[in-house]
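> no sequence for this one, just the structure:
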Ligand code: HEC
């Protein structure tokens, strides 16, 4: 009888539990460098300006709102001209990166 099996199953269970936490829980802390790229890639700058505070739309540099509110704004914008960015366009993680980038801007 193998003594190793129960241990392996236990480990596998732990790995799977960890994966479930990662996929169901919200994003990891954002990476401002990556966020800067997403910000440019999704053309946020065409309205908010390249630095978030130098466009024709409201300044979002420094962003005075929590991450939850920020994601809600992206998913279901109430600005008539701002397009909505669903999960398929900007993942939770990318949103966290953009959030970190905006927070890093003055
Ligand atoms: C077509 C122009 C346009 C684009 C592109 C755009 N926005 Fe906006 N956005 C706006 C406008 C206009 C508002 C202001 C709405 C208002 O004042 O209620 C706004 C509001 C916001 C707000 C809320 C600001 C606040 O203080 O309430 C956030 C956050 C935001 N945008 C982030 C982004 C991000 C991130 C992107 C890129 C992924 C983006 N926007 C792309 C036009 C745009």
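Thanks, I have it. Just so it is clear, the model here is predicted, and its values are computed rather than measured. Numbering: from 1, shown residues only.

> contacting residues around residue 47?
55-57, 81-82 (CB atoms under 8 Å, 6 or more residues apart in numbering). (C-beta placed from N, C-alpha, C; glycine too.)

> wait, what's in contact with the spatially closest residue to residue 59 that is not a sequence neighbour?
Counting by CB to CB, 6 or more residues apart in numbering, residue 53 is the residue found nearest to residue 59 once chain neighbours are left out, at 4.1 Å. Taking CB under 8 Å, 6+ apart, we find residue 53 in contact with 59-62, 105-106.

> How about the secondary structure of residue 53?
Per DSSP: H, G, I helix; E, B strand; the rest coil, the local secondary structure of residue 53 is coil.

> right, and the helix or strand after the helix or strand of the chain with the lowest mean pLDDT?
In the chain, no helix or strand scores lower on mean pLDDT, DSSP states H and E than helix 4-24, which sits at a mean of 60. Once helix 4-24 ends, the next helix or strand along the chain (criterion: DSSP states H and E) is helix 32-41.

> Give the buried residues for that following helix.
Buried residues in helix 32-41, counting neighbours by 16 or more other CB atoms under 10 Å, are found at 32, 34-36, 38-39.

> got it, and stretch 82-99?
85, 90, 94-99.

> ok, now how distant is residue 50 from the ligand?
Distance, residue 50 to the ligand, by CB to the nearest ligand atom, to the nearest Å: 12 Å.

> OK, contacts around that residue?
Residue 50 touches residue 40, counting by CB under 8 Å, 6+ apart.
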